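got a predicted structure here, sequence first:
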Amino acid sequence: MARRPASPVRRQLLIAALMAGGGLVGGCAAGASWAATFFQPWKAHLRMRSEDWRKIVVDIRQLGFRQIYIQWLGWTHGADDWVLSDQTVQDLLDMAQQLGMTLVIGLPHDDRWQKLLGSDSLPDILRFCAQTVADAGALTQRVAWAGHPAFGGWYIPYEIEQYSWDSGRKVRLLADWLKALAAVLWRNSRMMPSISTYCSQLETSQTLAAVWDGIFQGGAQVRPLIQDGAGVYGQPDLDELDRLRLLLQSRKVEFDLIVELFQQQRPASLDAGDFSAVTAPPDRIRQQICRFEASGARRMIAFAAYPWLTDETEAARTLRAHWKALRCSYAV
C-alpha cells in the first residue's frame, strides 16, 4: 500500500516540536557549530515524490541540522545530463522555511570538470570557465530563489586542491574564474558563495596555501570549506592544512570545516568511479571534532547526514546512538 502523506495538522505538530528543540536528539547550545550538512542529489531523485523529499528534510532537521547544502542541482555537459526541476527546489525551500531551516544551493556540476583537472590546455580551461560563468548567469536570471526566506546562499560544486593547479598561470586562470563566478552569484544574492577544498595526496611541489593565496590575490570573494577527514589512504597532510589555515586567518577569511560521517573503503580497482564507503565510527568523528576545535573554523559541516547517519545499517545506528554526545560536546 502506498504511504499517505502526513495530514496538515500532524505536519504542523511535527514542525512545532522541531522548532521548539525536539526531535531525535534534542537541543544543545554547544551543538550550534554543527550548523549544516551536505545532501547529494542524484538522477534517481528526479522520480521522488514531495512526501519523500519531506521525509529526508525532516530527518535531517531532527538530527539537529538547521542548514542543508544541496551539493548540486544536477550534472550537465555530459553523456547523461539531468537537473532538478525548479518546482522541486521551490518545494524544498518551502519545506526548509516551515522547519526553520535554510538551503545553500549548489550550481549544476559541469561533467567536464574531471577532464579539465587533468588538462594542461589553457584554451580548454578558458572555455570551461567561460561556459560555467555563462551558465550561472543564465540560471540566476531565470530563478527567484535568492528572494526566498529559506535561501542560504550559493555553493560552487567543485573541489580545489593543489595537484591540479601546479603552475602560476593555471592558478591565475583559476582565480579569474572564481572571481567572475562569485561576482555573478553575489549580484544575485548579496551572499558570498562557498566552495570546497582539500589537500591532495598526489606528489607535487605546489602547496594548497599557495593556490589559495593566488585565488585571493586575484580578488575572488569565496568562502572555503576545508575537507579535513582521513581518506582511504590515511590522514591528510596536517602541515599542509595548517599552512592553509594560517593563510586564511592572516587574510581574515572566514572558513568552515567539513567533517566526514563516512569511512571510505579501499577500492578494488584504480577506477575513479569505484567508490565504496561505510558510516564512520564515533571515534573517527571525535578525531575530526578535535581538529575543528584547533582549526579556527567557524562551523562544522557534516558530509553527510543522509545517508551515513539516517541509514538503517548497524554502523549508522551506532553513530546515531552517539550523535547527541557528538553534537553537544567537543570533548573526547
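Yes, it's here. Note that the structure is predicted; figures quoted are calculated from it, not measured. Numbering: from 1, shown residues only.

any chance you could list what contacts stretch 249-258?
Outside of stretch 249-258, the residues within contact range by CB atoms under 8 Å, 6 or more residues apart in numbering are 36, 38, 194, 196, 216, 223-229, 245, 248, 288, 291-292, 295-303. To be clear about C-beta, it is placed using only N, CA and C from the backbone, and glycine gets the same treatment.

sorry, slip of the keys, the one I care about is stretch 189-198.
Applying CB under 8 Å, 6+ apart, the set of residues contacting stretch 189-198 is 69, 104, 140, 146, 151-156, 158-161, 178, 181-182, 185-186, 208, 212, 221-227, 236, 244, 256, 258.

for ChimeraX, what selects the buried ones among the residues you listed?
Here is the ChimeraX command that selects the buried residues among the contacts of stretch 189-198 (16 or more other CB atoms under 10 Å):
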select :69,104,140,146,151,152,153,154,155,156,158,160,161,178,181,182,185,186,208,212,222,223,224,225,226,227,236,244,256,258
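
which stretches of the stretch 201-332 of the chain form helices?
208-217, 238-250, 282-295, 305-308, 314-328 (DSSP state H, counting those that start in this stretch).

secondary structure element for the residue nearest the centre of the chain, which one?
Taking CA atoms, centre = their mean, the centroid of the chain lies closest to residue 38, which sits 4.5 Å from it. Using DSSP states H and E, residue 38 maps to strand 34-39.

right, and the helix or strand after that strand?
Following strand 34-39 toward the C-terminus (DSSP H and E): helix 50-62.

off-centre distance for that next one?
18 Å (CA atoms, centre = their mean, to the nearest Å).

how about that helix: buried residues?
Those would be 53, 54, 55, 56, 57, 58, 59, 60, 61, 62, for helix 50-62 by 16+ other CB under 10 Å.

for stretch 170-180, same thing?
Result for stretch 170-180 [16+ other CB under 10 Å]: buried residues 170, 171, 173, 174, 175, 176, 177, 178, 179, 180.

also stretch 301-320?
Quick answer for stretch 301-320 (16+ other CB under 10 Å): 301-310, 315-316, 319-320.

tell me the helix or strand right after the helix or strand hosting residue 133.
Assessed by DSSP H and E, residue 133 sits inside helix 122-142. Next along the chain after helix 122-142, taking DSSP H and E as the criterion, comes strand 151-160.

helices or strands next to that next one in the packing?
strand 67-70, strand 102-106, helix 168-189, strand 194-197, helix 208-217 (3 or more CB pairs under 8 Å, 6 or more residues apart in numbering; DSSP states H and E).

quick one: low-confidence parts of the chain?
1-32, 229-236, 267-275, 329-332 (pLDDT under 70).

on that earlier part again, show me the contacts for the residue nearest to the centre of the chain.
Contacts for residue 38 (CB under 8 Å, 6+ apart) come out as 68, 69, 71, 258, 301, 302, 303, 304.

farthest pair in those residues?
Spatial extent of those (CB to CB) is set by the pair 68 and 258 at 13.8 Å.

quick one on the thing from earlier: okay, the helices of the stretch 201-332 of the chain in CSV with distance to residue 264 next?
Listed next are the helices of the stretch 201-332 of the chain as CSV, based on distance: least, CB to CB, whole Å:
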stretch, distance to residue 264
helix 208-217, 20
helix 238-250, 18
helix 282-295, 11
helix 305-308, 11
helix 314-328, 13
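
tell me which of those helices sits nearest to residue 118.
helix 208-217 (16.5 Å).

and that closest one, which residues are buried?
Going by 16+ other CB under 10 Å, helix 208-217 has these buried residues: 208, 209, 210, 211, 212, 213, 214, 215, 216.

how about residue 78, phi and psi?
Residue 78 adopts backbone torsions of phi -130, psi -170, taken as degrees, to the nearest 10.

all numbers from here: first residue = 13
Okay, using 13 as the starting number, the last item reads as residue 90.

which one is residue 309 nearest to, not counting chain neighbours?
Among residues not flanking residue 309 along the chain, residue 269 sits closest, at 4.0 Å (CB to CB, 6 or more residues apart in numbering).

next one: residue 208 from residue 61, what distance?
30 Å (CB to CB, to the nearest Å).

those two: which is more packed in?
residue 208 (22 against 11; other CB atoms under 10 Å).

ok, what's across the strand from that one?
residue 171, residue 237 (DSSP bridges).
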